[in-house]
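Engineer: what would the 3D arrangement of this be:
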Amino acid sequence: MVLAAQGARAQGPAPPASDPGAPLAVLADAGTSQAAHRIVATAMANSAYREEAARLLQELGEVAVPALIEAKGRANPLETRKWAIAVLESMNKKVPGEAVQTKDAALLAEVLRAYGKTRDLDALGAIFAFANSDRTPVREAAREAIVQYGDSALSKLRETYTNLKNGPPPEGWGAPELARELFRLMDHARLRDLYALFDEALAKAKGDTPEAAVAALDQVFARAPSFERRGEAVPIYLRYAESLEATDPARALDYYRRAERLSPEGTERNRVTSAIATIEARGLAERGVLDREALRRALELHPDNEKAKAALERLDAEEQSRTHRLRMGIGIGAAIVALLAAILLFLHRKAERPLPAAENSGAGKGV
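Structural biologist: You can find the predicted model right below:
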């Protein structure tokens, strides 16, 4: 307690005498890693809070580990780093092998990223152990951490590459090039069965069995949405979608959209997006909604889109026909109106005309 008081004078003002742990307790109630970061930050800023912060962090358990790892690696002065290390030790999470022991994939990813931010060389082995994990968040976090180490990880990168390839990497490769190639090799090893299934899909597409080919591709992308050879699948989805347009436009649209998701930016993606716009415009036209802009956009994206050209020409022809019929109708209507007006005028004038004199005298004699 004496040390705490001395630290308080050195580090900043003492907390309120009424309840110094109240602000920290509120944070601890949240039970999240973000709350743990704020508790650690408070303890770093004012040593008078550290005893209470340590107790609350221990209660939070493994959720507090990422914040403490960052504090251990970054905090200044040395006294604050020692405090973070002591709290980790009290939680049996002092060394990386202990810190990564959690079943929560999201939390493990945070721990790995924390080591990457602090570039703790003692943690490199533990991080590499997760660089090819089947759990996507964990794998991605481990690889991000390795990249953050930069040249500090070069020796471990070379060692791991050599073990995978049974030979050293090319001379002159730095950490970035080596990491990219290593991750590619890891993916290939982890997804070996998917590569085989993908090759099978390509063979089926060449063998004129497109339905079986797209079914196999669907399995591949369900397990690995960012599969590195996804660009090779685009023409297969595209051909299959085109074959469905006449009989099942809804399914065709679905496969066009799959092709669009897999397509990189460029001519082929424009072609796919153009086909999607054409089908959507045609569907609207069938419901009585004419969308010329969609068809014009389709032609801008892919000028050789014959279906969009034909649809736009058909809409233009139909509009011209409607305009011609409307003009004819207006002309006929105007002629009828003019004729009716002439008849009415004639009848009106006839009604106002005086009777002949003979008729008038004959009427007087009769009386």
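
Engineer: now the residue most central in space within the chain: how far from Val214?
Structural biologist: The geometric centre of the chain, computed from its C-alpha atoms, lies nearest to Arg261 (Cα atoms, centre = their mean), at 10.1 Å. Distance of Arg261 to Val214, computed by Cβ to Cβ, to the nearest Å: 14 Å. All C-beta spots, glycine's among them, are computed from the backbone N, C-alpha and C.

Engineer: burial count for the closest residue to Ile236 other than its chain neighbours?
Structural biologist: In space, and not counting its chain neighbours, Ile236 is closest to Ala205: 4.5 Å by Cβ to Cβ, 6 or more residues apart in numbering. Residues lying near Ala205 (other Cβ atoms under 10 Å) number 22.

Engineer: Glu59 too?
Structural biologist: 12.

Engineer: hang on, isn't it packed against Ala28?
Structural biologist: Yes: at 6.6 Å, Glu59 and Ala28 qualify as touching, with contact defined as Cβ atoms under 8 Å.

Engineer: any idea which element the residue nearest to Ile236 lies in?
Structural biologist: Assigned by DSSP states H and E, Ala205 belongs to helix 192-206.

Engineer: report the mean per-residue pLDDT for that helix.
Structural biologist: Averaging pLDDT along helix 192-206 yields 93.

Engineer: go on, stretch 106-119?
Structural biologist: Mean predicted confidence for stretch 106-119 is 96.

Engineer: what are the buried residues along that stretch?
Structural biologist: Going by neighbour count (16 or more other Cβ atoms under 10 Å), the buried part of stretch 106-119 is Leu107, Leu108, Ala109, Glu110, Val111, Leu112, Arg113, Ala114, Tyr115, Gly116, Lys117, Thr118.

Engineer: pull the residues that contact it.
Structural biologist: Defining contact as Cβ atoms under 8 Å, 6 or more residues apart in numbering, one finds that stretch 106-119 is touched by 33, 62-63, 65-67, 69-70, 72-74, 96, 99-100, 102, 123, 126-127, 130, 137-138, 140-142, 144-150, 152.

Engineer: re the thing from before, and which of the buried residues of stretch 106-119 is nearest to Ile332?
Structural biologist: Ala109 (75.8 Å; Cβ to Cβ).

Engineer: which SS state does that closest one fall under?
Structural biologist: Per DSSP: H, G, I helix; E, B strand; the rest coil, the local secondary structure of Ala109 is helix.

Engineer: quick check: chain neighbours aside, which residue is closest to it?
Structural biologist: Per Cβ to Cβ, 6+ apart, closest to Ala109 is Ala141, 3.6 Å.

Engineer: and that neighbour, what helix or strand is that in?
Structural biologist: Going by DSSP H and E, Ala141 is part of helix 136-149.

Engineer: low-confidence ranges in the stretch 51-200 of the chain?
Structural biologist: The stretch 51-200 of the chain contains residues with pLDDT under 70 at 75.

Engineer: at 90 what do you get?
Structural biologist: Scanning the stretch 51-200 of the chain for pLDDT under 90 picks out 52, 73-81, 171-172.

Engineer: chain neighbours aside, what residue packs nearest to Val214?
Structural biologist: Nearest to Val214 is Tyr240, by Cβ to Cβ, 6+ apart, at 5.1 Å.

Engineer: same question but for Arg229, I mixed them up
Structural biologist: That would be Phe198: by Cβ to Cβ, 6+ apart, it lies 6.1 Å from Arg229.

Engineer: again, but for Ala201
Structural biologist: In space, Ala201 is closest to Ala216, 3.7 Å off (Cβ to Cβ, 6+ apart).

Engineer: likewise Asp104?
Structural biologist: Glu62 (7.5 Å).

Engineer: can you map out the helices along the stretch 251-367 of the chain?
Structural biologist: Taking DSSP state H, counting those that start in this stretch to define them, one finds helices in the stretch 251-367 of the chain at 267-286, 292-301, 306-352, 357-366.

Engineer: Arg257 and Ile276 touch, don't they?
Structural biologist: Yes: in terms of Cβ under 8 Å, Arg257 counts as a neighbour of Ile276; the distance is 6.5 Å.

Engineer: phi, psi for Leu112 please.
Structural biologist: phi -60, psi -40 (degrees, to the nearest 10).

Engineer: roughly how far apart are it and Thr118?
Structural biologist: Here Leu112 is placed at a distance of 11 Å from Thr118 (Cβ to Cβ).

Engineer: who are the contact partners of Pro23?
Structural biologist: Contact analysis of Pro23 by Cβ under 8 Å, 6+ apart lists Thr42.

Engineer: after the one helix or strand it maps to comes which helix or strand?
Structural biologist: Assigned by DSSP H and E, Pro23 falls within helix 22-30. Proceeding N to C from helix 22-30, the next assigned helix or strand is helix 33-45, under DSSP H and E.

Engineer: show me what that next one is packed up against.
Structural biologist: The contact analysis (3 or more Cβ pairs under 8 Å, 6 or more residues apart in numbering; DSSP states H and E) places helix 33-45 against helix 22-30, helix 50-60, helix 65-74, helix 78-90.
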